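Asker: Just a sequence and a predicted model for now, questions to come.
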Amino acid sequence: MPASLHSGFGFHLSPLSRSLDLAAMAEPAGLKPKRILVTGGTGLVGKAIAEVVADGEGRPEEEWIFVCSKDADLTNAADTKALFEKHKPTHVIHLAAMVGGLFKNIKYNLDFWRRNVHINDNVLHSAYESGARKVVSCLSTCIFPDKTSYPIDETMIHNGPPHSSNFGYSYAKRMIDVQNRGYFEQHGCRFTAVIPTNVFGPHDNYNIEDGHVLPGLIHKVYLAKKNNMALSVWGTGKPRRQFIYSRDLARLFLWVLREYDEVEPIILSVGEDEEVSIRDAAESIVEAMDFKGELLFDTTKSDGQFKKTASNSKLRRYLPDFQFTPFKQAVKETCDWFNANYDAARK
Ligand code: NAP
Ligand code: GDP
């Protein structure tokens with residue numbers, strides 16, 4: 001397994017840190033019981049992990065606990081501490097966050113920063129205080145510098161300002177990487193993070209104003225079909241994105257939780273060659289939903305960051321054979337889920 005010693009801050013860990021790194025990293029052998037707390041357990045990614053675990057990927061020694069804001073408001077330090085004291089997790093998958101698509105980010109940069117900084121600090125510190133052995137948090141390829149060379153890799157998180165549209169979310173997420181490093185250097189904690197690209201699937205937020213592009217377009221196609229209208233795609237359709245299906249991401253999360261021993265984050269993405277334009281993505285939804293109407297591009301709306309092309313080389317060094325669900329198949333499954341669950345879907 002490659003043991004990356006790059007700190008992500010432009011310097012390398014010292015030999016002393018390296019031996020601490022490897023010693024602290026070693027998970028004791030054998031089937032020790034694991035109590036895994038998943039924050040954000042009711043969201044897009046949390047539900048996908050719950051489904052993958054229930055579908056046979058869970059292990060007998062693992063007890064899974066999925067929580068949401070009804071269990072504890074994680075912006076509140078006392079509530080968060082009480083949640084961790086109640087469950088005493090050995091492992092944590094930390095997903096809870098204020099999340100949204102481009103247009104929600106543009107409107108609420110301050111709220112994204114404040115809520116997510118509070119949630120992340122409360123969760124990481126409660127995990128430390130309650131003795132959790134490992135925490136896997138969730139960053140995003142949105143948080144990388146706007147002006148950058150491509151492809152983006154894990155060493156580039158702090159290289160320059162993020163795109164102005166989502167600076168609040170981006171800086172709050174970057175601080176998870178700073179904290180993980182701090183907990184490791186001061187306390188030897190094995191707190192790490194994954195960096196997924198744009199995620200989609202069942203149980204997403206299908207709200208047209210606030211959600212991400214695929215759930216927004218799926219909802220818009222549903223309504224356009226019902227009302228015999230054109231589909232309005234926002235922006236020029238030219239920006240490019242790598243999308244990851246929530247069920248693929250869930251399987252990768254299980255691997256990271258069980259096998260990935262670095263503090264350094266890891267990008268979870270399809271290959272660079274699988275990046276598609278927003279127009280391509282819209283056309284895949286049109287095909288999956290058998291929409292016969294017209295596509296219009298509303299260029300009064302923002303395009304956001306043009307691209308964030310990420311390298312999955314590090315992932316491929318660990319998991320050369322991991323099979324991603326083909327994009328069109330994943331889009332079809334997601335559209336079918338939305339059609340079948342329209343009344344109950346978050347929107
Ligand atoms: P989501 O569907 O919006 O779900 C968010 C989850 O966080 C929900 O379970 C929500 O609980 C919980 N939550 C929010 N505020 C909370 C609070 N104050 N206290 C407790 N729980 C709170 O989000 P997602 O798309 O699954 O995202 C999961 C993670 O992946 C996030 O960290 C996100 O930044 C990251 N990510 C997402 C994408 C993407 O495209 N969606 C891409 C890259 C990274 P309630 O249901 O009770 O509100
Ligand atoms: P991002 O990937 O973090 O930028 O966020 P989104 O998932 O919201 O994707 C934004 C990109 O999709 C921008 O280029 C938008 O112009 C484009 N887009 C096209 N139609 C829509 C839509 O209905 N909703 C959203 N959120 N974005 C759209």
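Answerer: On my side now, so go ahead. Ligands and ions are numbered 1, 2, ... in the order given.
Asker: The stretch 201-347 of the chain: strands as residue ranges?
Answerer: Assignment of strands within the stretch 201-347 of the chain using DSSP state E, counting those that start in this stretch yields the ranges 231-234, 240-241, 243-245, 266-268, 276-277, 295-298.
Asker: Using a markdown table, lay out the ones you listed together with mean pLDDT and distance to K307.
Answerer: Heads up, the C-betas are built off the backbone N, CA and C, glycines and all. A markdown table is the format used below for these (pLDDT from 0 to 100; distance: least, CB to CB, whole Å):
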| stretch | mean pLDDT | distance to K307 |
| --- | --- | --- |
| strand 231-234 | 98 | 16 |
| strand 240-241 | 98 | 4 |
| strand 243-245 | 98 | 13 |
| strand 266-268 | 98 | 15 |
| strand 276-277 | 98 | 9 |
| strand 295-298 | 97 | 17 |
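Asker: just so I know, which of those strands lies nearest ligand 2?
Answerer: Evaluated with CB to the nearest ligand atom, the strands of the stretch 201-347 of the chain place strand 231-234 nearest to ligand 2, the distance being 3.5 Å.
Asker: tell me the contacts of Q186?
Answerer: With contacts defined as CB atoms under 8 Å, 6 or more residues apart in numbering, Q186 has no neighbours.
Asker: List the buried residues in the helix or strand that contains it.
Answerer: With elements taken from DSSP states H and E, the one containing Q186 is helix 167-187. Burial within helix 167-187, assessed by neighbour count using 16 or more other CB atoms under 10 Å, is assigned to 167-177, 179-181, 183-184.
Asker: Contact partners for D121?
Answerer: Applying CB under 8 Å, 6+ apart, the residues near D121 are Q179.
Asker: Wondering if stretch 264-276 reaches ligand 2 at all.
Answerer: No. Counting by CB under 6 Å from any ligand atom, no contacts exist between stretch 264-276 and ligand 2, the nearest distance being 11.2 Å.
Asker: May I have that stretch exported as CSV, CA atoms only?
Answerer: Included here for stretch 264-276 are C-alpha records, laid out as CSV according to Å, rounded to 0.1, in the frame of the first residue of the first chain:
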residue,chain,number,x,y,z
GLU,A,264,-4.1,12.3,3.8
PRO,A,265,-7.4,12.5,2.0
ILE,A,266,-8.2,10.5,-1.1
ILE,A,267,-10.2,11.5,-4.2
LEU,A,268,-13.1,9.2,-4.9
SER,A,269,-13.9,9.7,-8.6
VAL,A,270,-14.5,8.1,-11.9
GLY,A,271,-11.6,8.6,-14.4
GLU,A,272,-10.8,11.9,-16.1
ASP,A,273,-12.1,10.4,-19.4
GLU,A,274,-15.5,10.0,-17.9
GLU,A,275,-16.0,13.7,-17.3
VAL,A,276,-19.2,14.9,-19.1
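Asker: and that stretch, anywhere near ligand 1?
Answerer: No. If you take CB under 6 Å from any ligand atom as the test, stretch 264-276 misses ligand 1, and the best it gets is 9.0 Å.
Asker: what's that stretch in contact with?
Answerer: Identification of contacts with stretch 264-276 by CB under 8 Å, 6+ apart yields 4, 6-8, 139, 141, 151-154, 157, 177, 180, 192-197, 240-244, 249, 252, 256, 260, 284, 307, 309-312, 314-315, 318, 324, 327.
Asker: if you set the cut-off to 7 Å instead, what comes out?
Answerer: Identification of contacts with stretch 264-276 by CB atoms under 7 Å, 6 or more residues apart in numbering yields 4, 6, 8, 139, 141, 151, 153-154, 177, 192-197, 240-242, 244, 249, 252, 256, 260, 309-312, 314-315, 324, 327.
Asker: about what we covered before: if you look at the helix holding Q186, does any of it touch ligand 1?
Answerer: No. Residues of helix 167-187 are not located near ligand 1 by CB under 6 Å from any ligand atom, the shortest gap being 6.6 Å.
Asker: Return the list of helices and strands in contact with whatever helix or strand comes next after that helix.
Answerer: Along the chain past helix 167-187, the next helix or strand (assigned with DSSP H and E) turns out to be strand 190-196. Where contact means 3 or more CB pairs under 7 Å, 6 or more residues apart in numbering; DSSP states H and E, strand 190-196 is packed against strand 134-138, helix 167-187, helix 246-259, strand 266-268.
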